[in-house]
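Chemist: Generate a structure from the sequence data that follows.
(5 chains)
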Amino acid sequence: MPPTLTGRGLGPGKLTRLHRMLYCHGAGDGTALLLPYDHGLEHGPRDFAAQPESGDPGFVFELALAGGFNAVVVQIGHARKCYEPFAGRISLVVKLNGKTEIPSDDAPLSPLNASVAEAVSLGADAVGYTLYVGSARQTDDFNALRTVREDCERFGMPLIVWAYPRGSAIERAGGRNSFYAIDYAARAAAELGADIVKLNWPTDPPSDAVPPEYRHEFSDADQLAALTRSAGRTLLLLSGGERADADVLLNRAQAVVNAGGLGLIFGRNFLKREPSEALALAGKLHHILSDPIIGHAG
Amino acid sequence: MPPTLTGRGLGPGKLTRLHRMLYCHGAGDGTALLLPYDHGLEHGPRDFAAQPESGDPGFVFELALAGGFNAVVVQIGHARKCYEPFAGRISLVVKLNGKTEIPSDDAPLSPLNASVAEAVSLGADAVGYTLYVGSARQTDDFNALRTVREDCERFGMPLIVWAYPRGSAIERAGGRNSFYAIDYAARAAAELGADIVKLNWPTDPPSDAVPPEYRHEFSDADQLAALTRSAGRTLLLLSGGERADADVLLNRAQAVVNAGGLGLIFGRNFLKREPSEALALAGKLHHILSDPIIGHAG
Amino acid sequence: MPPTLTGRGLGPGKLTRLHRMLYCHGAGDGTALLLPYDHGLEHGPRDFAAQPESGDPGFVFELALAGGFNAVVVQIGHARKCYEPFAGRISLVVKLNGKTEIPSDDAPLSPLNASVAEAVSLGADAVGYTLYVGSARQTDDFNALRTVREDCERFGMPLIVWAYPRGSAIERAGGRNSFYAIDYAARAAAELGADIVKLNWPTDPPSDAVPPEYRHEFSDADQLAALTRSAGRTLLLLSGGERADADVLLNRAQAVVNAGGLGLIFGRNFLKREPSEALALAGKLHHILSDPIIGHAG
Amino acid sequence: MPPTLTGRGLGPGKLTRLHRMLYCHGAGDGTALLLPYDHGLEHGPRDFAAQPESGDPGFVFELALAGGFNAVVVQIGHARKCYEPFAGRISLVVKLNGKTEIPSDDAPLSPLNASVAEAVSLGADAVGYTLYVGSARQTDDFNALRTVREDCERFGMPLIVWAYPRGSAIERAGGRNSFYAIDYAARAAAELGADIVKLNWPTDPPSDAVPPEYRHEFSDADQLAALTRSAGRTLLLLSGGERADADVLLNRAQAVVNAGGLGLIFGRNFLKREPSEALALAGKLHHILSDPIIGHAG
Amino acid sequence: MPPTLTGRGLGPGKLTRLHRMLYCHGAGDGTALLLPYDHGLEHGPRDFAAQPESGDPGFVFELALAGGFNAVVVQIGHARKCYEPFAGRISLVVKLNGKTEIPSDDAPLSPLNASVAEAVSLGADAVGYTLYVGSARQTDDFNALRTVREDCERFGMPLIVWAYPRGSAIERAGGRNSFYAIDYAARAAAELGADIVKLNWPTDPPSDAVPPEYRHEFSDADQLAALTRSAGRTLLLLSGGERADADVLLNRAQAVVNAGGLGLIFGRNFLKREPSEALALAGKLHHILSDPIIGHAG
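Modeler: Numbers count the residues shown, from 1 in each chain, chains lettered A, B, ... in the order given. Prediction:
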């Protein structure tokens, strides 16, 4: 059973939009499967080389519909120019900030490219903000997040925070994919007011560089439970990350469901597959999300 | 007897809110015991490892009520999402700025994550601002404090300044925990218009790195008296700092009371204890605060 | 046949202005031939040494009319002081940002020198913005682009983005003129909301410094097809770049047309030629643009 | 006879306030003796070690009244919290900016901690702004001064500029206390629109590091005459600087009066003395200020 | 015959003010002789050492009247405090930005010290802005110029841009006084929208550091013709620069007139001379300006 939306300080506007995304689209049972589609900005068109038609937003939106995704997540350019034929048929999430990967990532910051008001005007059901937890430019990052969050309160727009440990300091402290880093990111997003937090799966093994509390092995279940606890009233989305084997992905999906997460956000693992294979994977993910018997995927 | 609230340039709005916090909650006799709860952002969830349930705001708020605290101090995310069931039963202090500990602390600055207006809208009785006294980024810090202070005047909202000596310059000049550094921080907060200043207990011994006036031993009583004098019309809260023995904490509490301080702010020393032990400690602190016979705890 | 203007999220204001530029000026058949004329700011008057009269805006505007260009692209000073006698006879594109080439180009940023509102007041049919894709100052660049784009939405003003890979990071990653860099720039402009993107012709051979997907030879046709795909619903303008032989230019023009591009933007290749030679070149370009039989120029 | 207030571009608001400060308080004859009291922020409480009660604003304000000072100069915190009992009995000057001395002084900038409007609301008769002439951050400094000056014009509030040569460049060019540096500071304040400029007494001997025009000995009288000339229509206040012998101070006071200066501003030389000694010194200063026979103190 | 004011995109407000400056003051025949007087801020009072009374704005304004200057150019402090007795008798140009020469000049930027609106309120007939063409801080510089220019359009206030090549990059590229640098500066000012551009006389010989187009000797006449061409519809003022022999100055003045420049701006060459000598020089300059027979001064 997906997590309830009540008791999380969401007012009527946010509840209306989240309800639409979670109960009127996708599986329609309150679970979430989102398709992020801003790789062209974040990584360049090279991400579309494996499946060239994945460079075409129209093709991708159709695929998202066919795969039963609740929403597509795009930058403002694609929201403005490509969403219209899909309006009302799948939720739109406008990713408000984004950057290229070309300059140094030592002190990353993701510039705001659109406003919450513009997302409202396009009929979006949520907005996204990438927070680089641990970056030396956290002042600018937190300030930008604050303006977005305040506008979200004003417009009743759900706020999804992509909470990414990033920057040279976290690389020295165990790396961006350590459980320590991702657990910290989950909490930071929660305390800063995210309605939903999007996390990457922790893949780095524990090292001496992380604080003592994190210097031993944790099971996937323990890690997911801790992330859920750190996120508190903030709903949890886990990503698939770089292209991985289907078994790995399904096991992770099951772990997310078991821990009480809201759902999954799969981009490259969907779009880099051949379409029929991608749709088959989406079907299995829905099966796990909507029928969460513990150990189901095992 | 706790310090009087009059003659400190507080208008009716600030007096109303402070009165509510000090006389309607906690011991209700004008003394202050506050529970700060933003370690998840400042240090990460590792601070909850000793007592995992302390990661849950609902659990912590209940514990604060049980321990007779006047107020909980949280970041905006927890204020928005978790305070509602406790509204009117314990005062809310919204900590307006905060940061992670991941990036370098050489020139720290704590970004604003919420506004005074938002704190007003949530029914808060005070706001908190962390000022890194001595940081190379003091221009940005003072500018942000100024905007907060002006809004506090406008809304009649009491302003608690966490005055922390911090940054590479103060580390070279005797360290953040020297009496010199903390005394300077108290004065800076007062001249910049704090209604209440939160200080750490001075723990570093005098060294040749501090100015001549501070290069000898001071008794706890002398130090507290000096801090009170430096704070002037600004009320004084002392913190417990990192987890310490109960005896040490009680002696410090007594010294604060003897010097005319407003009260105490205990976070990790409360939350890292087993709950029954924590409540027992809170009881002893109340005893000292509300019955301030000099030498009581000695 | 030139690309259609519909299905690209352009509202009535943008369509009106683009229609005027593409169907009321130049060849008048929907193809585009634009004359950029801000070399004086970008490179200094040295660009006019070959043809000194090209330093005179009046002379250049007359030449643009004679050559059947759809629009001239100038900085605000020339728009304010020199366009009046040509108002209504050729479209005006105000280049909103621009800089000198004197300071280091390691982390370039092009300052805004005018607003969309001012371009509206001068009767402009589009505005231009130079985005230095990959510059370390991308935060400032994206922020400025965002304000311009939002004003363009507000005023119904078409936005042409000069998408230039630039800065020390891209020089280390294969160079500003690599197909990789220009393909990334096309996509970035599209995702950030450009209505039209102006690209340079990719001239650098593939190297080991670019991502694996780009480390082999591509034909001109393949490159242009990829750029068109990356640009998506954003219309494509290709430039002539530095002065080149007429044959090279005509071949490139044909490739642009074949790939479905909107048109060409030729500055130095026009203005550094003797006027009669320049007009003859313009005539050949029109021939290719308006009669796009594949292989026509070959 | 003190300098006249007319012919200096002061409108009715500034004249009203200056008249109140100069003719309704202190000696009441148009001469000025001001008590600056922000050492606690600028240097820390160590400045109060010699006379601990000087750490108490109430004590200091009483002493200023007893000493016949025209005004006290304090930061906003003390203005808000401590001035009320003295309102109408001595003029208030709100020092709008200020900083701690802890971070590096290589490129100093003094952050704004309050606004002119707030000074108006507290009944102040002037505001103060510290300008670090020669700092590498002069752009930020001049920008902040400009906003203050514009508000002063808007509210009719006299603007006193503390013009301090400061930063690594001036230290290399002869030092902050050279006649060259202070003469430049006087002129800069005048051209930037100060109504009154506060200067330190030039104490550094001429060196080869200063421009040729300043590489010889000047008498005190010559220096003061030059400073007055450089200040032009801007009134001149000279400070006592660090604690010095009374004879030295009285000679300087006489030189200021002889040169047509408005008066004196004495802080540490007053507050670091035993109160009866301080009051005796104040009496002698008034004698010099109000009976300016040339050579009087000699 | 002085250049006409029409056909330059100046609306009625700018024309009214320029007409007043050029036809109601000075020679009254449309030629321009301006007296800049902000050396006290830019260089310090040392510039007044040769003629100490030149430190007094009142003296200087009288001298400007006597010498038949059209306008004095001063910073806001002198405009506010010293212009009133001369209002209506000589035009006022408020120099809106300015700085001291103390900090490093590697990446110069001149801070704004006043607004166009304030200049309007003081009856100014033009405003001045110093643009450091080629400085690494060109983004801040262009942004500030843009706000000034937009206000000038709004208020009908003529904008004079002091276009100075400056900063470490231009020093490496042939120096600030090379013909290349000054020609570039003229064009940049024109494209950025200056109504009048003030240039220094090119004095550096050609070197291998400048672009090829500038690596040979040019006659004064050729250089002035090129500068006029680069400035386009922007009117040209040439300065006298540092104190030089009268013959040199008169030859330069003649060259400016021959090239169609608007006039001259002479500060130090006027103020560092003994007053009678200065007035004699001014007389000769007027003779050249108003009776421009080519070769007149030769």
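Chemist: Would stretch A:145-157 count as contacting chain B?
Modeler: Yes: legend: contact between stretch A:145-157 and chain B by C-beta under 8 Å from any C-beta of the partner chain is shown at A:L145, A:R146, A:R149, A:E150, A:E153. For glycine as for every other residue, the C-beta is placed from the backbone atoms N, C-alpha and C.
Chemist: I'd like to know which of those are part of strands.
Modeler: Here DSSP state E is the test, and those give no hits in strands at all.
Chemist: what's stretch A:5-24 in contact with?
Modeler: By C-beta atoms under 8 Å, 6 or more residues apart in numbering or on different chains, the residues outside stretch A:5-24 that reach it are A:2, A:28-32, A:70-71, A:91, A:93, A:124-126, A:152-153, A:155-158, A:195, A:233-235, B:80-82, B:84.
Chemist: Can you say which of these are buried?
Modeler: In the contacts of stretch A:5-24, burial by neighbour count holds for A:2, A:30-32, A:70-71, A:91, A:93, A:124-126, A:152-153, A:155, A:157-158, A:195, A:233-235, B:80-82, counting by 16 or more other C-beta atoms under 10 Å in any protein chain shown.
Chemist: any idea how far whichever residue of the stretch 151-298 of chain A sits closest to chain C is from chain E?
Modeler: Proximity of the stretch 151-298 of chain A to chain C (C-beta to the nearest C-beta) peaks at A:K272, 12.0 Å away. Distance check for A:K272 against chain E: by C-beta to the nearest C-beta, to the nearest Å, it reads 39 Å.
Chemist: cool, and A:F142?
Modeler: Taken as C-beta to the nearest C-beta, the span from A:F142 to chain E is 24 Å.
Chemist: buried ones in whichever helix or strand that residue is part of?
Modeler: A:F142 is part of helix A:138-155 when elements are defined by DSSP states H and E. Using 16+ other C-beta under 10 Å as the test for burial, helix A:138-155 gives A:138-142, A:144-146, A:148-153, A:155.
Chemist: Kindly identify which of those also come near chain C.
Modeler: Okay, of the buried residues of helix A:138-155 touching chain C (C-beta under 8 Å from any C-beta), that's A:D140.
Chemist: Show me where chain A dips below the pLDDT cut-off.
Modeler: Scanning chain A for pLDDT under 70 picks out A:292-298.
Chemist: Is any residue of the strand or helix carrying A:Y180 near chain B?
Modeler: In the assignment (DSSP H and E), A:Y180 maps to helix A:179-191. Yes: for helix A:179-191, a contact with chain B is found by C-beta under 8 Å from any C-beta, at A:Y180, A:D183, A:Y184, A:A186, A:R187, A:A188, A:A189, A:A190, A:E191.
Chemist: Make JSON lines out of the residues you listed and add distance to A:D220.
Modeler: JSON lines is the format used below for those (distance: C-beta to C-beta, whole Å):
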{"residue": "A:Y180", "distance to A:D220": "16"}
{"residue": "A:D183", "distance to A:D220": "13"}
{"residue": "A:Y184", "distance to A:D220": "18"}
{"residue": "A:A186", "distance to A:D220": "15"}
{"residue": "A:R187", "distance to A:D220": "19"}
{"residue": "A:A188", "distance to A:D220": "22"}
{"residue": "A:A189", "distance to A:D220": "21"}
{"residue": "A:A190", "distance to A:D220": "21"}
{"residue": "A:E191", "distance to A:D220": "25"}
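Chemist: can you give me the helices in chain A?
Modeler: A:12-23, A:39-42, A:57-66, A:76-82, A:116-121, A:138-155, A:168-172, A:179-191, A:220-231, A:246-258, A:268-271, A:275-290 (DSSP state H).
Chemist: Tell me which residues touch A:F266, please.
Modeler: Here A:F266 is in contact with A:L33, A:L34, A:L35, A:S239, A:G240, A:L249, A:L281, A:A282, A:L285 (C-beta under 8 Å, 6+ apart).
Chemist: So the fourth one is in contact with A:W201, correct?
Modeler: Yes: judged on C-beta atoms under 8 Å, A:S239 makes contact with A:W201 at a distance of 6.8 Å.
Chemist: residues in contact with stretch A:203-214?
Modeler: A:172-181, A:183, A:215-218, A:241, B:44, B:46, B:49.
Chemist: Quick check, the residue in the stretch 101-250 of chain A closest to chain E?
Modeler: A:P111 (15.5 Å).
Chemist: Who are the contact partners of the closest residue in space to that residue that isn't next to it in sequence?
Modeler: Spatial nearest neighbour of A:P111, excluding adjacent residues (C-beta to C-beta, 6 or more residues apart in numbering or on different chains): C:F142 at 3.7 Å. Contact analysis of C:F142 by C-beta under 8 Å, 6+ apart lists A:K99, A:P111, A:L112, A:N113, C:L131, C:L192.
Chemist: For the stretch 101-250 of chain A, which residues are neighbours of chain B?
Modeler: Going by C-beta under 8 Å from any C-beta, the residues of the stretch 101-250 of chain A near chain B are A:133-136, A:138-139, A:141-143, A:145-146, A:149-150, A:153, A:165, A:167, A:169-170, A:173, A:180, A:183-184, A:186-194, A:211, A:213-214, A:226, A:229-230, A:232-234.
Chemist: Quick check: the gap between A:A221 and A:R252.
Modeler: 11 Å (C-beta to C-beta, to the nearest Å).
Chemist: my bad, A:F155
Modeler: A:F155 is 33 Å from A:R252, by C-beta to C-beta.
Chemist: Repeat that for A:L199.
Modeler: Taken as C-beta to C-beta, the span from A:L199 to A:R252 is 11 Å.
Chemist: try A:A107
Modeler: Taking C-beta to C-beta, one finds A:A107 at 30 Å from A:R252.
Chemist: Tell me which entries of the buried ones among the contacts of stretch A:5-24 lie within strands.
Modeler: Short answer: the buried ones among the contacts of stretch A:5-24 in strands (DSSP E) are A:A32, A:A71, A:S91, A:V93, A:A126, A:L235.
Chemist: Without its sequence neighbours, what residue ends up closest to the first one?
Modeler: In space, and not counting its chain neighbours, A:A32 is closest to A:G263: 2.9 Å by C-beta to C-beta, 6+ apart.
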